[in-house]
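Engineer: predicted model and sequence follow; I will ask about them next.
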Amino acid sequence: MTWIAFANLLINGLIEGLVVALPALAMTLVMGVNRFPNAATGDFLTTGAYAAVAVQMLGGWPLWAAALASMAATAVVSAGSYTLIFRKLAGRPMVSSMLAAIGLGFLLRSLISFFAGHDQRTFDLPLVRAWNFGGVRLLPTDVAIAGIAVLCLLVVFVLIYKTSFGRQLRAVADSADLARASGIRAGGLMLSLWVLVGALSAIGGVLLGMKAIVSPEMGWESLIPAFAAMVLGGIGSPVGAVLGALLLCVAQELAVPLLGPSYKLVLSFVVLALVLLLRPAGIMGRVQLVR
Amino acid sequence: MIAYLCAIGVIALIYCLLALGLNLQFGLTRLVNFGVVAFFAVGAYTSGLLSLQGVPLALCFVAAGVLSGLLALPIGLLSLRLRDDYLAIVTLGFSEAVRISIQQESWLTKGVQGLPGLPKLFAAWGPVSDLATFATLLALVALVSWGTVRLTRSPFGRLLKAIGDDEAALSALGKDPAWFKVQVFMLGAALAGVAGAFYAHFITFITPEQFIPLITFYVWMGLVMGGAGSVRGAVFGSLLLMVFLEGSRFAKDWVPGVSEVGMASLRLAAVGLALILVTLYRPNGLFGGKSQ
């Protein structure tokens, strides 16, 4: 592999990593606070992407406006699913929440394919030529995707680490009982969390759709990579989720010449299994009790 | 009509077998296996490929069970170190990894084209071969049910239940649950493998497309609907699942103006909704009590 091919794969891996970081972060937030892996995260992504497609088809809106509308729509779906399902399952065995999340995923995905069909769709984007730096190619679209992803990640980090919302959230994540004892009201806080998770997933879906295509299966296919990224970074660690996503996607891209593109998901699984075996707390995670 | 009922019966019994395997893993020992379909697929492909090489079917079935069981060993060992939720995602990822590998390694599996023309069980019996398959499966399901009930009442079974109920207390008593968990995981996987072999030789045509995670969740739905932890629950739950799946096929006649593809989507949506509703309102299954 020449260094030019290497650089191209590296760049692609980094951009993909930034996109995967969004669902990984959404998942890690829920995992840290509600303590179950939200297997519907992928389908929140799909919901977001299709909401944006629908808005664009409706009135020829620019993509940024469609994306904002889709954030709102997916936030409603996400907060609604918390209120109607996951809130009621709190305190039950984790498997209940996971099964319900999988059921929710099926429900969302099949409703989408019922109304929108199984055909692949794309966003209305102007065609642009890649910049070429002596063989190292860079698509302006990819730069935009990376920029938006970084911006969203920054916003979420400011929310988590610099606002009282984030402080309360982290307090609940550390110890729900202690947080309640010190007067934090969980109700509104949880709802805001799920609104954030929905909006974040929607942007993830739109970016994923911009990078590749929009299909009913797109989100489900990114579930395992997002989960692997979350575990790699350390469950419940927002910074870890982003680092994990970057590392995972770069590794995936660099492995493409060796394994072919179809084995990306298998590689995610292998990374996931290895991390759990060798360092269950992930890169950034604290060692926690693993039975 | 008889042929149709027979086909439904065979598929229902195959789901029964899968649910009984999952019941050993999850119902008894609380091992969350979200990758049932992986072991089902490996069983189907093992038996299918061997039979195409001229290996006698009986041997193919044994090989399917053994290989699926062995494949569960590393996952079982991994499960010892993982909490429920991690294990759930790992097994789910595993099943997708298996499916993609089957799809990609076409030198062995013919990839997306699949394996057509697999020999039928009791092919020499002509028109009653399906009925014979049904009877064999029925006997096997009865045997496994009986075995599970016996197992539950034996000291070994009580140990397994204790692992599911309170592993820490068990460890405190000086028992090491690790090896039992692995054994149960392998046993459940072997059953799934045998179910896969039955499926392969009943349908006679297998492709990677048939082994999507949805199958896993059908089995989960059957078990959870019936009530995890009881053999009766596993069996009745899978029968109920079959009524649900087949019934929705006929529902097309009552919902005018919906295409075949649209109906498939609606069916999937109903599965999702049912999973949500059962976990919300009937965590102990339809036959269990309402409380936890």
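Structural biologist: Good, I have the coordinates.
Engineer: switch to C-alpha atoms for all contacts and neighbour counts from now on
Structural biologist: Fine.
Engineer: next, count neighbours for residue A:203.
Structural biologist: Using other CA atoms under 10 Å in any protein chain shown, residue A:203 has 27 other residues around it.
Engineer: separation between it and chain B?
Structural biologist: To chain B, residue A:203 is 24 Å away according to CA to the nearest CA, to the nearest Å.
Engineer: what do you get for residue A:212?
Structural biologist: Here the criterion is CA to the nearest CA. By it, residue A:212 lies 20 Å from chain B.
Engineer: and that residue, what are its phi and psi?
Structural biologist: phi -130, psi -120 (degrees, to the nearest 10).
Engineer: list the contacts of it.
Structural biologist: For residue A:212, the contacting residues are residue A:122, by CA atoms under 8 Å, 6 or more residues apart in numbering or on different chains.
Engineer: report pLDDT for it.
Structural biologist: Listed pLDDT for residue A:212 reads 88.
Engineer: skipping adjacent residues, who's closest to residue 99 in space?
Structural biologist: If you meant another chain, say so; for now it's chain A. Nearest residue to residue A:99, sequence neighbours excluded (CA to CA, 6 or more residues apart in numbering or on different chains): residue B:275, at 6.8 Å.
Engineer: wrong one, chain B
Structural biologist: residue B:208 (6.0 Å).
Engineer: now swap in residue B:103 and tell me
Structural biologist: Spatial nearest neighbour of residue B:103, chain neighbours left out: residue B:111 (4.3 Å); criterion: CA to CA, 6+ apart.
Engineer: roughly how far apart are residue B:119 and residue B:131?
Structural biologist: Distance, residue B:119 to residue B:131, by CA to CA, to the nearest Å: 16 Å.
Engineer: element containing residue 249, please.
Structural biologist: This is for chain A. When elements are assigned from DSSP states H and E, residue A:249 belongs to helix A:238-259.
Engineer: actually, chain B is the one I wanted.
Structural biologist: With DSSP H and E as the test, residue B:249 turns up in helix B:231-250.
Engineer: any part of that helix near chain A?
Structural biologist: No: Helix B:231-250 lies apart from chain A when judged by CA under 8 Å from any CA of the partner chain; the minimum separation is 14.8 Å.
Engineer: surely residue A:61 forms part of a helix?
Structural biologist: No: assigned with DSSP: H, G, I helix; E, B strand; the rest coil, residue A:61 falls outside any helix and is coil.
Engineer: shouldn't it be in contact with residue A:55?
Structural biologist: Yes: with contact defined as CA atoms under 8 Å, residue A:61 and residue A:55 form a contacting pair (6.9 Å).
Engineer: out of the two, which sits in the busier spot?
Structural biologist: Neighbours per residue, other CA under 10 Å: of residue A:61 and residue A:55, the larger number sits with residue A:55, 19 against 16.
Engineer: which element is the more buried one on?
Structural biologist: Per DSSP H and E: helix A:41-59 holds residue A:55.
Engineer: which parts of that helix are buried?
Structural biologist: For helix A:41-59, the neighbour count (16 or more other CA atoms under 10 Å in any protein chain shown) marks A:41-56 as buried.
Engineer: re earlier: so which elements touch the helix holding residue B:249?
Structural biologist: If you count contacts as 3 or more CA pairs under 8 Å, 6 or more residues apart in numbering or on different chains; DSSP states H and E, helix B:231-250 packs onto helix B:2-22, helix B:129-153, helix B:213-226.
Engineer: the last one - contacts with which helices or strands?
Structural biologist: What it means is helix B:213-226. Helix B:213-226 packs on helix B:2-22, helix B:36-52, helix B:84-104, helix B:231-250, helix B:260-281, going by 3+ CA pairs under 8 Å, 6+ apart.
Engineer: which residues sit against it?
Structural biologist: Contacts for helix B:213-226 (CA under 8 Å, 6+ apart): B:15, B:18-19, B:22-23, B:34-37, B:92, B:95-96, B:232-241, B:271, B:274-275, B:278-279, B:282-288.
Engineer: again, 7 Å this time
Structural biologist: Contact with helix B:213-226 is made by B:15, B:18-19, B:34-37, B:233-234, B:236-238, B:240-241, B:275, B:278, B:285-287, as judged by CA atoms under 7 Å, 6 or more residues apart in numbering or on different chains.
Engineer: buried only: go through those residues for me.
Structural biologist: The neighbour-count test (16+ other CA under 10 Å) marks B:15, B:18-19, B:34-37, B:233-234, B:236-238, B:240-241, B:275, B:278, B:285-286 as buried among the contacts of helix B:213-226.
Engineer: circling back: tell me the most buried of the helices and strands packed on helix B:213-226?
Structural biologist: When those are scored by mean count of other CA atoms under 10 Å in any protein chain shown, the highest mean neighbour count falls to helix B:36-52 (a mean of 28).
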